[in-house]
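S.K.: Can you look at this prediction? I've put the sequence above it.
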Amino acid sequence: MKFKRFLWLGLMLCFIFPQHFVTAETNSNDKPAEQVVEENYHTVLENWKKEGKKDASTFEAFVSPSNFQTADQKNLLPVEKSKGYNDRVFYWHNQASVSYEVDVKEAGLYELSFDYYPLSNEVVPIEGAIQVNGKYSFYESRRIVFPANWKNAKQTFEKDRFGNDMIPKQKRIEEWSRITAEDASQLHAEPLKYELQKGKNTITLTNLSGEMLLGNAYVTSPGKLLSYRDYLKKHKDQKLVKEALITREAEKNYEKNSSYIRPFAANDTSAVPSSPKKLLLNTLGGESWTKSGQTVNWKVNVKKDGFYKLTFKVLQNKETTGPVFRKLLIDGEVPFAEAAPITFDFNKNWSNVTLEDKNGKAFLFYLSKGEHEIGLEADASPVEPVLHTTNNIMREMEELTLEIRKLTGNQTDTARGWKISEYIPGIDKKLSDWADELEGELKYLRTLDNSNEDSKDMVSLKMAVQKLRSLSNEPDEIPSRLTELSEGSSSAAQLLGNMLVTLPKQPLTVDRFYVHGDQKEVPDAEAGFWEKLFDSIHRFFLSFFSENYSASEAEEDTLEVWVNRPRQYVELLQNLSDQNFTPETGIKVKFSIMPEEQKLILANASNKQPDIALGISSWLPYELSIRGAAVDLHQFDDFEAFSKQFSPGAFLPLMIGDSVYAMPETQDFFVQFYRKDIMQALELPVPDTWDDVKGILPELQRYGMNYYTHIAGATGFKPFQATAPFVYQFDGNLYGNNGMKTAIGSEESLKGIQFMAELNTIYSLPLQVPNFYNHFRYSTLPIGTANFTTYTQLTAAAPEIAGWWDISPHPGVKKEDGTVERWATGSGQSAMIFKGTKSKEDSWELLKWWLSTDTQTEFATNLQMLYGPEYMWNTSNLEAFKNLPWPEEHKKTILKQWEYLYEVPKNPGSYMIERELSNIWNRIVFDGVNPRSAVDDSVVAIDREIKRKMEEFGYVKDGKMVKPYPIPTIEQVKSWAGDENENKNN
């Protein structure tokens, strides 16, 4: 409780004015988790230096697993299960913790290392947290990554049906490794240092995700790299090799620590090998090798001892035009200090980069006769100081913005004058100081870049400095110029935010590298002019005949499938079909990239539709089916049995009456995201109901934080995803029994709509949040409801808080019997068969194969393994979802929420209900209209439009209902499986 009182005193002055919530920024301190937990490593390290704390003198000790202190001794495995470690090992998984004690002779800074053996072949990262004497030494200690090494399952590239190289499947290398604890973002040049006191210290390692065998734990004094001069002295008796030339193709790598660092085909005659006809995987890296810490190793064999030079043929065309950096590794070690980092400057063309010192003299590397590993590690540590300074200034900028808004009541009237400098003394100096700090970082960035022109990141920094200086000169104008400070696409905050995303990225494409002697010239990096000209002409003419995954007519006996997804998805799907489906069934399939899904209606009208469409929006099958263009899948004998593998609520928008015109292919989910560290620090429970949410709001808002709902994420128009859950959770409905009128005017529906608006008008939830992901990272909005997109972003692009956020089911409304109604939407993408197909049975067989548990599991695993953690596949197949390489607890939560999946059914006028629900919210929240009046006005407009559309499609004639339009229900879908015990009534 101490920190609460301290934090409250520090923020008291900021809260003496009434709060006005218009966007998420209006009630944010934008302070990171460090404000309520630990400082970041950069700050802690600086403080240690100021306090005179130094690296410990030479020291090394280790503790074997037999001496670990753990509550679960059954995880201590015998030698025969140690995977060759020849000692007892600890099976570290499922949030297990181990502690060990080390006795040091002097207080100082030490490094912590571990022997480990990754288990399983999944892409789920192995992560843990380290505490020293019961505390986290700094925030980064809350997440330590234990990387696994990967290799190609096959050494040669297989060919697809078009003769193009296929990206090889990946296999985890099973081996013992040793790692020294580093920050998960790999932004620091050296391993993390921990302060240990003289005498006994207790170190605790807690599992966050993944599983591995844990061997010895080491405590050592920090190591020092040799200088290049000392390195040469160390090998002074060795000679310079003169004539050797060893060429190594980069795409034929030996191992890497990310499965998705992949080869790709450069359609460039300068890349080796090259073909104008086929796609050859001839380079490595690019955008798949951009994260700091990602490492690739190659093996080379030298014929004699001696000094060699290293030259890499690279393409460094980073979008922001700045330099990128790599650490050089020889046999797993940086040979000398000057080899970390190595700069690769921006160049639009291929270039040979010989590793050299600042004076342009080539480095000499000693290699003994035999096999060696040459590695490159992406390294963003040179830009870490810039990132640190910018982050701090952005947080202070958000604090200042909040303070100004509270003073002005969020009024931005340009005709009204403010004396901001009287209310916030020193505001002009604060802005000027920020500009000075950022200008210093700009100068530092220029020292890293050998170009004569500023990179785009430098330009962003320079523009931010200019805006801050302009505002510091006229501080009283800031209320009317907040768009220059922290709002809008060209504000100083946005410019800095963009730079924070792009600056740490380190993309580099490598074609090949050379280990060569002093007198041996390497081949030119670029092809000659005439060779390039001939190649471009050749490719131009061949482009008229290429049909690689293009939407063209398939052969007579081949199913034509259009897929509304990028090329890599289609390639993987085609390969799976060629390897599995066609050999098993004899049915040939051609997958093509869909031009635009909106054109499917036109394609059907001109009778040029495919047999099957995959990856289409959930609204499209309805639009096609009501026009008679889709096959009713319910006609197939095994449909009902097959449908049991999917959530009943996912079928509702795909149905008309009892007919089903598409299958759910992917499935969204809306769950509650929350920062574990923030909630624990504030001693707040994770809310289960909306009443619980209301209960935590005062404490959150007291610290400048708030709760996010997806209403705030929808700018302007509020779709069903944002509004319908409130209606359903309060036992309301959108349609009357016969589908001819809306039911939003019922008492139950009105309660839901009124509560939806009160969250903003009474409980001050933010009205508009452009990016929940960023506010969640910075702890402005440490809790809220969001979907699969946010889950992917946090999993793949928020390493600084990985392991310290979690999900729980969507908040709901508690009923008298104690149950909680959590209904939420979850529309994903769907798959349908066109009525014009000549092969209905074959098409149905393909859909069943594609959506089967085995195929969905294999597709999802391969996609993420080949292309990275951001390529998560949210399959709609419930059993396949259980097999995904996602954290088990997260899968359980999502599956629990899917029990309450209630996607909005369609009728010809449903778009009008969606529009009017959005209008109702706007009228209540912005215009202050009474909820009943707002709803009644909309009911009239909706019923009129439904009647008009029903006449258009033949359900109403001359104002009278010709045939009913039954709205699909969950009970109806569940009856297919023989289970009608559903707790949602319509």
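M.R.: Noted; the coordinates are in hand.
S.K.: Show me what the host helix or strand of residue 313 is packed up against.
M.R.: Using DSSP states H and E, residue 313 sits within strand 306-316. Applying 3 or more Cβ pairs under 8 Å, 6 or more residues apart in numbering; DSSP states H and E, we find strand 306-316 packed against strand 342-344, strand 347-354, strand 365-367, strand 508-516. Where C-beta positions appear, they are placed from N, C-alpha and C, glycine not excepted.
S.K.: Measure how the last one sits relative to strand 347-354, angle-wise.
M.R.: Spelled out, it's strand 508-516. Orientation check (axes from the mean of the first three to the mean of the last three Cα atoms, to 10 degrees): strand 508-516 against strand 347-354 gives 30 degrees.
S.K.: Strand 508-516 packs against which elements?
M.R.: strand 245-249, strand 283-286, strand 295-302, strand 306-316, strand 370-378.
S.K.: Output the second one in PDB, but only the C-alpha positions, please.
M.R.: It refers to strand 283-286. In PDB, the C-alpha atoms belonging to strand 283-286 read as follows (Å, rounded to 0.1, in the frame of the first residue of the first chain):
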ATOM      1  CA  THR A 283      18.500 -15.100 -50.700                       C
ATOM      2  CA  LEU A 284      17.900 -15.100 -46.900                       C
ATOM      3  CA  GLY A 285      16.400 -12.700 -44.500                       C
ATOM      4  CA  GLY A 286      14.900  -9.400 -45.500                       C
END
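S.K.: What pairs with it, parallel or antiparallel?
M.R.: Using DSSP bridges, the strands paired with strand 283-286 in its sheet are strand 263-264 (antiparallel), strand 508-516 (antiparallel).
S.K.: Same question for the last one.
M.R.: Its sheet considered, strand 370-378 pairs with strand 295-302 (antiparallel), strand 324-330 (antiparallel) by DSSP bridges.
S.K.: now, of the ones you listed, which is deepest in the fold?
M.R.: Stretch with highest mean neighbour count among the strands paired with strand 370-378: strand 324-330 (a mean of 21; mean count of other Cβ atoms under 10 Å).
S.K.: how far off strand 306-316 does it point, in degrees?
M.R.: Angle, strand 324-330 to strand 306-316, by the same axes, to 10 degrees: 150 degrees.
S.K.: now the strands for the stretch 851-986 of the chain?
M.R.: In the stretch 851-986 of the chain, the strands defined using DSSP state E, counting those that start in this stretch lie at 956-957, 960-961.
S.K.: Name the surrounding residues that touch the first one.
M.R.: Outside strand 956-957, the residues within contact range by Cβ atoms under 8 Å, 6 or more residues apart in numbering are 740, 947, 950-951, 962.
S.K.: Quick check: neighbours of it in the sheet, parallel or antiparallel?
M.R.: Assessed with DSSP bridges, strand 956-957 is paired to strand 960-961 (antiparallel).
S.K.: Kindly report the domain assignment for the chain.
M.R.: Under the assignment automatic domain parsing, the domains of the chain span 41-220, 228-380+506-533, 384-408+420-502, 558-668+827-886, 676-825+902-976.
S.K.: coming back round to it: residue 446 is nearest to which of the helices and strands packed on strand 306-316?
M.R.: strand 342-344 (12.9 Å; Cβ to Cβ).
S.K.: who's in contact with that closest one?
M.R.: Residues outside strand 342-344 that contact it (Cβ under 8 Å, 6+ apart): 312, 314, 316, 323-328, 353, 355, 448, 450, 508.
S.K.: so is residue 541 in a helix, a strand, or just coil?
M.R.: Assigned by DSSP: H, G, I helix; E, B strand; the rest coil, the conformation of residue 541 is helix.
S.K.: re earlier: with mean neighbour count and distance to residue 144 as new columns, can the helices and strands packed on strand 306-316 be given to me in TSV?
M.R.: Output for those, formatted as TSV (neighbours: other Cβ atoms under 10 Å; distance: least, Cβ to Cβ, whole Å):
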stretch	mean neighbour count	distance to residue 144
strand 342-344	19	26
strand 347-354	16	33
strand 365-367	20	31
strand 508-516	24	26
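S.K.: and the gap between residue 665 and residue 600?
M.R.: With distances taken as Cβ to Cβ, to the nearest Å, residue 665 is found 15 Å from residue 600.
S.K.: same thing with residue 346?
M.R.: From residue 346 across to residue 600, the span is 42 Å (Cβ to Cβ).
S.K.: So which of these two has more stuff around it?
M.R.: residue 600 (24 against 18; other Cβ atoms under 10 Å).
S.K.: Skipping adjacent residues, who's closest to the more buried one in space?
M.R.: The shortest distance from residue 600 to any non-neighbouring residue, by Cβ to Cβ, 6 or more residues apart in numbering, is to residue 613 (6.1 Å).
S.K.: Count the residues that sit near the one you found.
M.R.: Around residue 613 sit 27 other residues, with neighbours defined as other Cβ under 10 Å.
S.K.: Below-threshold pLDDT in the stretch 1-150 of the chain: ranges please.
M.R.: Within the stretch 1-150 of the chain, the ranges that satisfy pLDDT under 70 run 1-37.
S.K.: should've said the stretch 351-500 of the chain
M.R.: Ranges of the stretch 351-500 of the chain meeting pLDDT under 70: 409-416, 488.
S.K.: Identify the residue nearest residue 356 in space, chain neighbours excluded?
M.R.: Leaving aside its sequence neighbours, residue 356 sits nearest to residue 362 (Cβ to Cβ, 6+ apart; 4.7 Å).
S.K.: Give me the number of neighbouring residues for the one you found.
M.R.: For residue 362, the neighbour count with other Cβ under 10 Å is 14.
S.K.: Same check on residue 55?
M.R.: Around residue 55 there are 16 residues (other Cβ under 10 Å).
S.K.: residue contacts, it?
M.R.: Neighbouring residues of residue 55 by Cβ under 8 Å, 6+ apart: 108-109, 193, 221-222.
S.K.: still on that earlier bit, export the domains of the chain to a markdown table and tack on distance to residue 896?
M.R.: Shown next, in a markdown table, are these (distance: least, Cβ to Cβ, whole Å):
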| stretch | distance to residue 896 |
| --- | --- |
| domain 41-220 | 19 |
| domain 228-380+506-533 | 30 |
| domain 384-408+420-502 | 33 |
| domain 558-668+827-886 | 12 |
| domain 676-825+902-976 | 5 |
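S.K.: Cool, thanks, talk later.
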